[in-house]
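Participant: Please work out how this folds:
(one chain, ligands or ions: 1)
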Amino acid sequence: MTTDIDQLRQDLLASVDAAMSLDALESLRVHALGKQGAVTALLKTLGKMSPEERQSEGPRIHGLREAVTEAIAARKAALEGAALEARLAAEVKDMTLPVDATPQGSVHPVSQVMDELAEIFADLGFSVATGPEIEDDWHNFTALNIPDTHPARAMHDTFYFPEGEDGAQKMLLRTHTSPVQIRTMVQQKPPIRIIAPGRTYRSDSDATHTPMFHQIEGLVIDKGITLGHLKWTLETFLKAFFERDDIVLRLRPSYFPFTEPSAEVDVGFSIEKGKRVIGGSEGWMEVLGSGMVHPKVIAACGLDPEEWQGFAFGCGIDRLAMLKYGMDDLRAFFDGDLRWLRHYGFSALDVPTLSGGVGA
Ligand code: DAH
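Facilitator: Predicted coordinates for the structure are as follows:
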C-alpha cells in the first residue's frame, strides 16, 4: 500500500508537469480525481479500513488528493499564462510594415454628411465659410444680440476658459456655428451666401447630446430677401439631402435673439415598418432653427440694415446623419467602432457626389 500511494503520487505529479495542453491536463484530472479516478478509488477504500489503518492511511490519501489538486491548479495557471503570452506575442502589430492594402475604415458619417451638405449648397451658389472653435464672447453672443444678461446665455451650457488678464475678453468654446455669420459679415461685402459647418461645444451629455457636436449654419445677405427665399432654400436642401420629393416642411413661430421673425422648422415623417422615415406628414420632427437676420445683428457687423436683409438657419449635423441613416444613439458616433460603420453601410471608398446621388 505504502509504495502504491507513493508511486501513484510520483506518477501523477510527473504527468501533471508533463501535460502540454489544457485538454491533456483536464483528462489527467478526470483520470485521477474524477468519479472513476485513481485517487477517488483510494479514497473509497478508507471506508472499509479498520480504525487504526484509517488513522495511518487517511492522512496519506487525503494528502495525495491535495497534492494532485494543487499541482493541477498550478499547471493550469502556467499553461493559461503561456497561452496568453503567446497570444499577446502573436497579436503584435509591426507599425513599420506597409498598411493593409484593403482599407478598413471609412469617411466618418459626420464628415460624409458635411461633404454632402457642401455639395448640395454649392449647387445653390453657397460657399463654405469657417471660424475658430475657440471664440470670444462678442462673436459667440454679443454681436448675435445676446447681451451679457440675456437668459439665452445660460441655456447654452457654455464651456468658458479661465478668466484672462484684466480687460481681456472672456474666451469660450463656441456653442453654435452662428458666430461664423458675424465673422463673415465683418470680413466680406454683401451679397453673401455661405454655409458654415463645424464643431460646436456644450456641457451636455446623454443619448442625444454629446459635449462636442456638429452644426451647420447658413447665411444669406442681399437686397430684398424674404421668408419665401428661406423656405424655398430649406425645402430644396432637405429634398436633396434626404433624396425624396415628398418632404413637407412646417415653419413654427419661435424665438432666437439673432433673427426676427424666427421660425423652427419641422420636417414631416411617416412610419414604415415601425420606424420613422423622413417624408410624408404623419408626424413632425424639429430639424432646424431659422429666421430673418435681426437688424441689430446686421448693424453690429457694420452693415446698414435698411439696405441689407437676409436669412439664416442653423442645424445639428449629427442629428441630420441620425435621421438619414436611422441611427439611434449619438454616442456611437465617437466610439470609432468599425462594426458600427459597416452596419450602417459605410465603406472605405464612399465619396459623396451630386451626380452619383449624394447618399451614394
Ligand atoms: N444658433 C442656434 C442654436 O445653436 C441655431 C440657429 C437658430 C441658427 C436660428 C440660426 C438661426 O442661424 O437663424 O441653437
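Participant: Which residue does the stretch 101-250 of the chain have closest to the ligand?
Facilitator: Nearest residue of the stretch 101-250 of the chain to the ligand: residue 176, at 3.3 Å (Cβ to the nearest ligand atom). For glycine as for every other residue, the C-beta is placed from the backbone atoms N, C-alpha and C.
Participant: unless I'm mixing things up, that residue is touching residue 315, no?
Facilitator: No - the pair residue 176 and residue 315 does not pass the contact test of Cβ atoms under 8 Å, sitting 10.4 Å apart.
Participant: what residues do those two have in common as contacts?
Facilitator: Common contacts of residue 176 and residue 315 (Cβ atoms under 8 Å, 6 or more residues apart in numbering): residue 215.
Participant: Which per-residue confidence value corresponds to the residue of the stretch 101-250 of the chain closest to the ligand?
Facilitator: Residue 176 carries a pLDDT score of 96 in this model.
Participant: helix/strand/coil for it?
Facilitator: Following DSSP: H, G, I helix; E, B strand; the rest coil, residue 176 is assigned to coil.
Participant: ok, how many other residues are close to it?
Facilitator: Neighbour count for residue 176, taken as other Cβ atoms under 10 Å: 24.
Participant: And the one 5 residues further on, by the same measure?
Facilitator: Residues contacting residue 181 under the criterion other Cβ under 10 Å number 30.
Participant: So for it, what's the nearest residue that isn't a sequence neighbour?
Facilitator: Using Cβ to Cβ, 6 or more residues apart in numbering and skipping the chain neighbours, the partner closest in space to residue 181 is residue 219 (4.7 Å).
Participant: Residue 79 reaches residue 22, doesn't it?
Facilitator: Yes - between residue 79 and residue 22 there is a contact under Cβ under 8 Å: 5.4 Å.
Participant: For those two, work out which one has more neighbours and name it.
Facilitator: residue 79 (17 against 12).
Participant: And the strand or helix carrying that one, how far out from the chain middle?
Facilitator: Using DSSP states H and E, residue 79 falls within helix 51-90. When C-alpha coordinates are averaged (Cα atoms, centre = their mean, to the nearest Å), helix 51-90 and its chain have centres 48 Å apart.
Participant: now do stretch 169-182
Facilitator: Centre-to-centre, stretch 169-182 and its host chain are 24 Å apart (Cα atoms, centre = their mean).
Participant: what do you get for stretch 23-34?
Facilitator: 48 Å.
Participant: Tell me the buried residues in that stretch?
Facilitator: 25, 28-29, 32-33 (16 or more other Cβ atoms under 10 Å).
Participant: Closest to residue 169 out of those?
Facilitator: Of all these, residue 169 sits closest to residue 25, with 70.3 Å by Cβ to Cβ.
Participant: any idea how far residue 320 is from residue 32?
Facilitator: Separation of residue 320 from residue 32 (Cβ to Cβ, to the nearest Å): 66 Å.
Participant: likewise residue 231?
Facilitator: Distance from residue 231 to residue 32, by Cβ to Cβ: 83 Å.
Participant: One more: residue 217?
Facilitator: Counting by Cβ to Cβ - residue 217 and residue 32 are separated by 75 Å.
Participant: Check residue 294 too.
Facilitator: Using Cβ to Cβ, residue 294 is found at 86 Å from residue 32.
Participant: Enumerate the residues of the stretch 201-350 of the chain near the ligand.
Facilitator: Residues of the stretch 201-350 of the chain that fall close to the ligand, judged by Cβ under 6 Å from any ligand atom: 217, 256, 259, 289-291, 312-314.
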